[in-house]
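Trainee: Dropping a prediction and its sequence here:
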Amino acid sequence: DTEVTQTPKHLVMGMTNKKSLKCEQHMGHRAMYWYKQKAKKPPELMFVYSYEKLSINESVPSRFSPECPNSSLLNLHLHALQPEDSALYLCASSYDPSTDTQYFGPGTRLTVL
Amino acid sequence: SQQGEEDPQALSIQEGENATMNCSYKTSINNLQWYRQNSGRGLVHLILIRSNEREKHSGRLRVTLDTSKKSSSLLITASRAADTASYFCATDEQGGSEKLVFGKGTKLTVNP
């Protein structure tokens, strides 16, 4: 299994809602990542988990809360988002917490109304 | 901050032609990677070239790396309409950072 899966594919939420994005991989990878990508822009790193521990937080607002329940799962909890948070949220994983090949999921298209 | 900068920003060619995209970066690196992204979808890893390598091939892809000029190029030979996508270079920072930084990308359109 060489796939990173993400659910849901699309999400529309209001600014007062609480929702979660889910990412899963079964490749035995020990690092997992969340990226945010706005239209026609490159992905921007948000968080890195290494061995299930948060190792990098790129000064992301607290309305985004990551969670790594186990080595295969990564969640991103969303609360009180703003319309400018609308973007494609990409999850990735890599075997090592280094900068070798990262495997990306298809992303969740988030719209905040 | 962005490490890699691709040029051109957009490239339109005919099927069968070769496409060359360039990437420049600012700091010393351990490796440089190229990724491809179809519209609104996840990224797909194409090729990784380490700082001690100068050229690498994978199928119709050829990547070069010039660390003295802090630049890399991606050549796609005999392009196909299915190669239409955005292409990003991504670099790390020498010193063991876990962080990949992506360039702005080149939007390639291959016309049938």
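Mentor: Arrived safely, thanks for sending. Residues are numbered from 1 along each chain as shown, chains lettered A, B, ... in the order given.

Trainee: How many residues are close by residue A:23?
Mentor: Here the number of neighbours of residue A:23 (other C-beta atoms under 10 Å in any protein chain shown) works out to 27. C-beta: built from backbone N, CA, C; applies to glycine.

Trainee: Now for it: which residues touch it?
Mentor: For residue A:23, the contact set (C-beta atoms under 8 Å, 6 or more residues apart in numbering or on different chains) comprises A:4, A:5, A:6, A:32, A:34, A:73, A:74, A:75, A:76, A:91, A:93, A:105.

Trainee: In this structure the third one contacts residue A:32, no?
Mentor: Read that as residue A:6. No: assessed by C-beta atoms under 8 Å, residue A:6 is found out of contact with residue A:32, at 11.4 Å.

Trainee: Quick check: which ranges of chain A have low pLDDT?
Mentor: Along chain A, segments meeting pLDDT under 70 span A:1-2, A:99.

Trainee: ditto for chain B
Mentor: For chain B (pLDDT under 70), the answer is B:1-4, B:93-97.

Trainee: what does it put close to chain A?
Mentor: Listed as neighbours of chain A in chain B under the rule C-beta under 8 Å from any C-beta of the partner chain: B:2, B:30-31, B:33, B:35, B:40-45, B:48, B:88, B:92, B:96-105.

Trainee: redo that, cut-off 6 Å
Mentor: B:41-43, B:45, B:48, B:88, B:92, B:98-100, B:102, B:104-105 (C-beta under 6 Å from any C-beta of the partner chain).

Trainee: Mind checking which of those land in strands?
Mentor: In strands, defined here by DSSP state E, the members of the residues of chain B next to chain A are B:43, B:45, B:48, B:88, B:102.
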